[in-house]
Structures are given as structure tokens and as C-alpha cells.
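1. Whatever this is, show me its structure:
(2 chains)
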Number of protein chains: 2
Amino acid sequence: MTTPIDTVTAFLARFGEGKEGLYDSLRRWFTPETVWDNVGLAVTVGPEQAIELAKRFEQQMGVSSVAIELRAIAAAGNKVLTERIDHLIAADGTERWGAGVMGIFEIENDKIVAWRDYFDTAGTHTLAQKWAQR
Amino acid sequence: MTTPIDTVTAFLARFGEGKEGLYDSLRRWFTPETVWDNVGLAVTVGPEQAIELAKRFEQQMGVSSVAIELRAIAAAGNKVLTERIDHLIAADGTERWGAGVMGIFEIENDKIVAWRDYFDTAGTHTLAQKWAQR
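-> Below is the predicted model of the structure:
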């Protein structure tokens, strides 16, 4: 049986496989109603809005893939809580930023129905401005 | 036996009992080496630095207690992951802010040896400025 932790682990693993891996992952595991909340920054509903947000972020930050380093993962019922370092990787393979993040995923029938990520939004704004000025 | 989740639940419960509850809780469950990281905002070591930070925060935000609403809690070994709404309560009993937070606690022998909280720091800055101008 696929556990909620299995679902989240499989979902995040594909983020490191370039943009197409990330988009495929959002289409595979999101439902049309999935709410993805980057708390304080942006909320999307469904896979296509999520992909649009990922594209905007890629352009602003010059990022072409996101390698997810899981520091901790634990489940309570259908909720999966994670601590991660999201390594934002540029097209030339260099790391733009290693962002500390905690995220919670709510799982139903091997789908992610809600995802909330919490992180240092002030640091993100500063970094986005820095890269925009290059 | 006290589980890591028991330790964190007991630690957080005292935060709602006014400033003295919060300070007592930090002294009871922190060790002299405990690193408390409000990611992107401030890092403290040991209970007295943590209490100084809490006092600064209280003054900036006009907060006199923090009622913790646990939305989710789960453990992986000695690590406890939480999603919370931290209700910042003013001296007159009104709520200043309900802040969405995820935090991870590392437990050893019923002590908190590390605590990292992740949240919308940009929102926190904005709110602190707003209250400072009153």
C-alpha cells in the first residue's frame, strides 16, 4: 500500500529532474482543486496555476531545477510534515540558493490535496531583487 | 515514558500562560546549548538569550502572551514536526496576529536541544513596523 509518506517522497523526487520533471510531478499528484500555499507569497489552485507560478519563479531567480534535500519527514494520519533544503539550481548546474523550508502535505488516495510551505519570505524577496538586477 | 511529542506539547502549552509561563517554559525545557532559530530573523543559544528575544518581540509587537494552536504534530525518531497558528495576544486580551508557522524540535532526555521555526518573515517585518508607528 502506498503510504502518505511514499506519495510525498515520490512527488518531491521528480523536482530534481529539471523543469519537465517538476511540471510532470505537479500534473501527476495535484488534483484540479489542490491548494498550494507558499505562505505569505502566493496561493495557487490546481496544477496549471502551480506550473505558472513555478515558471515565474524560474524566470525571476534564474532557476532551472530544484533538488530537494529532505532533512526530516513524519506523518500524522493523512498529513505529512517535512523539513527540507530546496536547492535551486541554475541552467549551468550551479546552486543559486539553498533555502530552508518546512512544508505540510495533505494526502487523499495517493493525491496531494493541499500543500503549505513556510519559509523566510523576506530573504526570498531580497534574493529575487538581487538576481533581477544582474 | 515521556515521548518527544509529549515534551513539545508540554513546552508549548505554557506559552499561553502569559510572559512568566513562556519564560518558565524556556528555562524548563531548554539546555544552555539549545539553538532556537527563527529562520531568517534571529538565532539564540540557551534560555536567557531566548527570553531576551521574546522580550524584544513583546515590546515591538505589543504582545503579552502567545496562545499556540496546534494544527498538526508528528514525530520521526527524536524530531517533532509541527504546524501551528501562534496567536499573539495583547495585554488587553485582543489578538494582535494569528501567525502560521511550522517548527521542528529535536529532543534529548525530555529537553529541547534544537528548535527551528519557519514563517512569513516579510509579513512579520510589515506588522512590526505597523505596530511601531502607533
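2. Now the longest strand seen in chain A: buried residues?
-> Longest strand of chain A, by residue count under DSSP state E: strand A:95-108. Of all the residues in strand A:95-108, those buried under the rule 16 or more other C-beta atoms under 10 Å in any protein chain shown are A:Arg96, A:Trp97, A:Ala99, A:Gly100, A:Val101, A:Met102, A:Gly103, A:Ile104, A:Phe105, A:Glu106, A:Ile107. Every C-beta, even on glycine, is put in place using the N, C-alpha and C of the backbone.
3. the inter-axis angle of that strand versus strand B:95-108?
-> Counting by axes from the mean of the first three to the mean of the last three C-alpha atoms, to 10 degrees, strand A:95-108 lies at 100 degrees to strand B:95-108.
4. How about the residues of chain A by chain B?
-> A:39-41, A:72-76, A:79-83, A:100-104, A:116, A:118-125 (C-beta under 8 Å from any C-beta of the partner chain).
5. Strands along chain A, start to end?
-> According to DSSP E, the strands that chain A contains are A:30-38, A:42-45, A:65-76, A:79-89, A:95-108, A:111-119.
6. Save those as JSON lines, and put in mean pLDDT and distance to B:Arg14 too.
-> Output for those, formatted as JSON lines (pLDDT from 0 to 100; distance: least, C-beta to C-beta, whole Å):
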{"stretch": "strand A:30-38", "mean pLDDT": "98", "distance to B:Arg14": "29"}
{"stretch": "strand A:42-45", "mean pLDDT": "96", "distance to B:Arg14": "33"}
{"stretch": "strand A:65-76", "mean pLDDT": "95", "distance to B:Arg14": "22"}
{"stretch": "strand A:79-89", "mean pLDDT": "95", "distance to B:Arg14": "23"}
{"stretch": "strand A:95-108", "mean pLDDT": "94", "distance to B:Arg14": "23"}
{"stretch": "strand A:111-119", "mean pLDDT": "98", "distance to B:Arg14": "23"}
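7. Format those strands as a markdown table; extra columns: distance to B:Lys111.
-> Shown next, in a markdown table, are the strands of chain A (distance: least, C-beta to C-beta, whole Å):
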| stretch | distance to B:Lys111 |
| --- | --- |
| strand A:30-38 | 33 |
| strand A:42-45 | 37 |
| strand A:65-76 | 18 |
| strand A:79-89 | 20 |
| strand A:95-108 | 22 |
| strand A:111-119 | 25 |
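8. List just the nearest of the buried residues of strand A:95-108 to B:Pro4.
-> Using C-beta to C-beta, A:Met102 comes nearest to B:Pro4 of the buried residues of strand A:95-108, at 16.6 Å.
9. so the closest one makes contact with A:Arg84?
-> Yes: with contact defined as C-beta atoms under 8 Å, A:Met102 reaches A:Arg84; the gap is 7.4 Å.
10. quick revisit: buried among the residues of chain A next to chain B? Need that as a selection in PyMOL.
-> Command for PyMOL that selects the buried part of the residues of chain A next to chain B, burial taken from 16+ other C-beta under 10 Å:
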select buried, chain A and resi 39+40+41+72+73+74+75+76+79+80+81+82+83+100+101+102+103+104+116+118+119+120+121+122+123+124
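11. who are the neighbours in contact with A:Thr3?
-> A:Thr3 makes contact with A:Ala75, according to C-beta atoms under 8 Å, 6 or more residues apart in numbering or on different chains.
12. what's the spacing between A:Ala13 and B:Ala50?
-> The spacing between A:Ala13 and B:Ala50, counted by C-beta to C-beta, to the nearest Å, is 36 Å.
13. So which of the two has more stuff around it?
-> B:Ala50 (22 against 14; other C-beta atoms under 10 Å in any protein chain shown).
14. if you count residues, which helix in chain A comes out on top?
-> Ranked by residue count and defined by DSSP state H, the top helix of chain A is helix A:46-61.
15. Give me the helices and strands touching it, please.
-> The elements that helix A:46-61 packs onto, with contact taken as 3 or more C-beta pairs under 8 Å, 6 or more residues apart in numbering or on different chains; DSSP states H and E, are helix A:18-29, strand A:30-38, strand A:42-45, helix A:121-132.
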